[in-house]
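Novice: Here's a sequence, model it:
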Amino acid sequence: MNDLFIRAAYMDWDGIGKDSYLWNIDAIAGVDRVDFDSPVTCFVGENGSGKSTLLEAMAVSYGFNPEGGTRNYSFSTFDSHSELNQHLRLIKGPKKARWGYFLRAESFYNVATAEAEYSQSGGTPQHLHEKSHGESFLATVQNNFRGGGVYLLDEPEAALSPQRQLTLLREIHLCAQAGAQFILVTHSPILLGLPGAAILSFDHGPLHPIAYEDTDSYQITSLFLSDRERILRSLLEE
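Specialist: Numbers count the residues shown, from 1 in each chain. From the prediction side, this is the model:
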């Protein structure tokens, strides 16, 4: 039996106006249901393919602040999320998550600012603005991720070196083994290699399962590393 915290996401397309740009996103347009059956699910696809649009809608539907943070964060600097969350319903499992976090690379600065303000009213300050971008990302992960939680991550590799991506991979793997659920948008061939992760592609029509070795992230990185000089010559001599 599927005992994940988020089992599925239903989308009600009847409520979305025909002039909405959401209908132009081939990966999700008209898709009624997305199922989750693995503790770790990765969304992959080209820029603009709809990965973040779906993840953000799920995060807001779950109760997270659109710009990120825990479910206790409540602030807004700019509303950039789509209307999809208003027409999306999450099917949840029987267990209630004890923790949770929504990590958005593009608005993490705003979350760090909010964290500094919230810490003045109690709690232990994390001093995220006093760390490098990558260090603050990892500090957030290590301070907020644990077993029994739900974590939605939008391009968490954006600030991380390859070595630190391996650190993040290990943190995710250990938390998933301890009962956490992760849904992440990523272009990182390192994070896509998480053991047991389900990978959903947003390229070439409606979103669909894809093998790790068939992702562009893996294939292009592998091709570049195995034949760098030919690839560069082809790109730069055109």
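Novice: Go ahead and measure how far stretch 214-227 is from the middle of the chain.
Specialist: Computed by C-alpha atoms, centre = their mean, to the nearest Å, the chain-centroid distance of stretch 214-227 equals 22 Å.
Novice: Give the buried residues for that stretch.
Specialist: Neighbour-count burial for stretch 214-227, counted by 16 or more other C-beta atoms under 10 Å, picks out Thr215, Ser217, Tyr218, Thr221. From N, CA and C alone the C-beta is placed, and that goes for glycine too.
Novice: tell me the mean pLDDT over that stretch?
Specialist: Stretch 214-227 shows a mean pLDDT of 96.
Novice: for stretch 137-148, same thing?
Specialist: Stretch 137-148 comes out at a mean pLDDT of 83.
Novice: Pull the contacting residues for the residue lying closest to Gly193 once chain neighbours are set aside.
Specialist: Of all residues beyond its chain neighbours, the one nearest Gly193 is Tyr212 (6.3 Å), with distances taken as C-beta to C-beta, 6 or more residues apart in numbering. Tyr212 sits next to Leu192, Gly193, Ala197, Ile199, Tyr218 when contact means C-beta atoms under 8 Å, 6 or more residues apart in numbering.
Novice: Mind doing that once more with 10 Å?
Specialist: Cys42, Val44, Pro189, Leu192, Gly193, Leu194, Ala197, Ile199, Tyr218 (C-beta atoms under 10 Å, 6 or more residues apart in numbering).
Novice: so how far is Ser161 from it?
Specialist: Counting by C-beta to C-beta, to the nearest Å, the separation of Tyr212 from Ser161 is 21 Å.
Novice: related to what we said a few turns ago, next, give phi and psi for the residue nearest to Gly193.
Specialist: phi -50, psi -50 (degrees, to the nearest 10).
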